[in-house]
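Would you be able to build a 3D model of this:
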Amino acid sequence: MAKHDPGLDHIFTALGDPTRRAILARLAQGPASVTDLAAPFDMALPSFMGHLKRLEAAGLVASHKDGRVRTCALQPQALGPAADWIAEQRAIWEARLDRLDAFVLSLAKEQKE
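Coordinates of the predicted model:
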């Protein structure tokens, strides 16, 4: 069994919310201020900041403050562990399905004989 990676939990938790995914999609276009990021969402700023904190805790977003403006930027390399895990799972399931396909084909061949 693979070793548990708590960082992966943070990434998938962050990705599990539509608001946070929308924030990431916006940041994929380039850095933005918290005010600009929050504008499309119908929620109080403290609630929005909670979403940003989750994204930062997962390493998906980095922010810095310049005077009174906090700017956020996407950290796409942080998605690497999730992409690796998904690729591993895909390989496992493709191998299982290939074995199942071979088994079904062998049963069909036996029935013809």
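
Report the separation between Arg96 and Ile86.
16 Å (Cβ to Cβ, to the nearest Å). Quick note: C-beta positions are derived from backbone N, CA and C, even for glycine.

Okay, now the unreliable bits of this structure?
1-2 (pLDDT under 70).

ok, now which ones touch the most centrally placed residue in it?
Nearest residue to the geometric centre of the chain (Cα atoms, centre = their mean): Leu15, 4.3 Å. By Cβ atoms under 8 Å, 6 or more residues apart in numbering, the contact set of Leu15 is 21, 24, 82.

Just give me the neighbour total for Ala82.
For Ala82, the count of nearby residues is 19 (other Cβ atoms under 10 Å).

Grab the nearest non-local neighbour of it.
Among residues not flanking Ala82 along the chain, Ile11 sits closest, at 4.7 Å (Cβ to Cβ, 6 or more residues apart in numbering).

show me what contacts the one you found?
Contacts of Ile11 by Cβ under 8 Å, 6+ apart are 58-60, 78-79, 81-82.

tell me which residues in the helix or strand containing Trp85 are buried?
Trp85 belongs to helix 80-112 when assigned by DSSP states H and E. Along helix 80-112, these residues count as buried under the neighbour rule (16 or more other Cβ atoms under 10 Å): 81-82.

Just name whatever secondary elements that helix is in contact with.
Secondary-structure packing of helix 80-112 (3 or more Cβ pairs under 8 Å, 6 or more residues apart in numbering; DSSP states H and E): helix 6-15.

Pull the helix or strand in which Ala22 is found out as CSV, backbone CA atoms only.
For Ala22, the enclosing helix or strand under DSSP H and E is helix 18-27. Extracted in CSV, the C-alpha atoms of helix 18-27 (Å, rounded to 0.1, in the frame of the first residue of the first chain):
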residue,chain,number,x,y,z
PRO,A,18,-16.4,25.1,-7.1
THR,A,19,-15.5,28.5,-5.8
ARG,A,20,-11.9,27.5,-5.3
ARG,A,21,-11.8,25.9,-8.8
ALA,A,22,-13.1,29.2,-10.2
ILE,A,23,-10.4,31.2,-8.4
LEU,A,24,-7.8,28.9,-9.8
ALA,A,25,-9.3,29.2,-13.3
ARG,A,26,-9.1,33.0,-13.0
LEU,A,27,-5.5,32.9,-11.7
